[in-house]
Structures are given as C-alpha cells and as structure tokens.
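> build the 3D model from these lines:
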Amino acid sequence: MSTLKVVIYCVTIAVALFFAFWEARLKRQLTDEAPQPPVSVSDMGVINNLKEMIKREQYLNCLPKKATVKYRRAAMLKLLFVAILIAEVIFLQK
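Below is the predicted model of the structure:
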C-alpha cells in the first residue's frame, strides 16, 4: 500500500511540475523582447534578474486576456495539481 502512495505522490508532483514549467515557458514566450547584451557587470547580477522578472509581470498584466488564455490555463492546472497533492497527503496519511 505504501508503494501505491509513493507512486500517486510522484505522479501528482510530476504533473504539477510539468504544468509549472509549461507556465514558465509560456510566460517567457509572451513577454520576450529582443535580448539585449549586458552593458556592464552590474547588469549580470541578481538585482537585474529581479528587475527583468518584475518587467515581465507588468508586461503580462498589460496583455489582453485573449492573448494570455493558455498561460492562465497552465497556471490554474498547476495550482489544481498542487491542491490535489495536498489533499492526497492529508487523506492518504490515515
């Protein structure tokens, strides 16, 4: 019985990770701009990465809803499988 639980957990985690990576890929596709080479050393740091992530989120919020349908579906499916995983852990521990 415990191997069945492990298999169920692993499958649920794998599906949730699949949708998480799909969501990240769609976000990059929707918000990609022409890549610009770093101008200075400070442009290669963590702060610059955070700035880019914030810009992507702001740009994503400005897009029309019709353009972000697939992205929103992937995000909802990811959250659904995380919720299923939590429910599995709660109910299968008994």
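> same question for the one helix or strand residue 25 maps to, mean pLDDT?
Counting by DSSP states H and E, the element that carries residue 25 is helix 2-31. Along helix 2-31, the predicted local confidence has a mean pLDDT of 92.
> next SSE after it?
If you walk from helix 2-31 toward the C-terminus, the next helix or strand you reach (DSSP H and E) is helix 46-62.
> buried set for that next one?
When burial is assessed from 16 or more other CB atoms under 10 Å, helix 46-62 yields the following buried residues: residue 56. For glycine as for every other residue, the C-beta is placed from the backbone atoms N, C-alpha and C.
> give the next helix or strand downstream of it.
Going down the chain from helix 46-62, the next helix or strand is helix 69-92, by DSSP H and E.
> buried ones in that next one?
71, 74-75, 77-78, 81-82, 85, 88.
> how about those, which pair is most distant?
For those, with distances taken as CB to CB, the pair at the greatest spread is 71 and 88 (26.1 Å).
> dump the C-alpha coordinates for stretch 17-27 into PDB.
Provided in PDB are the C-alpha atoms of stretch 17-27 (Å, rounded to 0.1, in the frame of the first residue of the first chain):
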ATOM      1  CA  LEU A  17       6.000  20.300 -12.300                       C
ATOM      2  CA  PHE A  18       5.100  19.800 -15.900                       C
ATOM      3  CA  PHE A  19       2.400  22.500 -15.700                       C
ATOM      4  CA  ALA A  20       4.800  24.800 -13.800                       C
ATOM      5  CA  PHE A  21       7.500  24.500 -16.500                       C
ATOM      6  CA  TRP A  22       4.800  25.000 -19.200                       C
ATOM      7  CA  GLU A  23       3.600  28.100 -17.400                       C
ATOM      8  CA  ALA A  24       7.200  29.500 -17.200                       C
ATOM      9  CA  ARG A  25       7.800  28.800 -20.900                       C
ATOM     10  CA  LEU A  26       4.500  30.500 -21.900                       C
ATOM     11  CA  LYS A  27       5.400  33.500 -19.700                       C
END
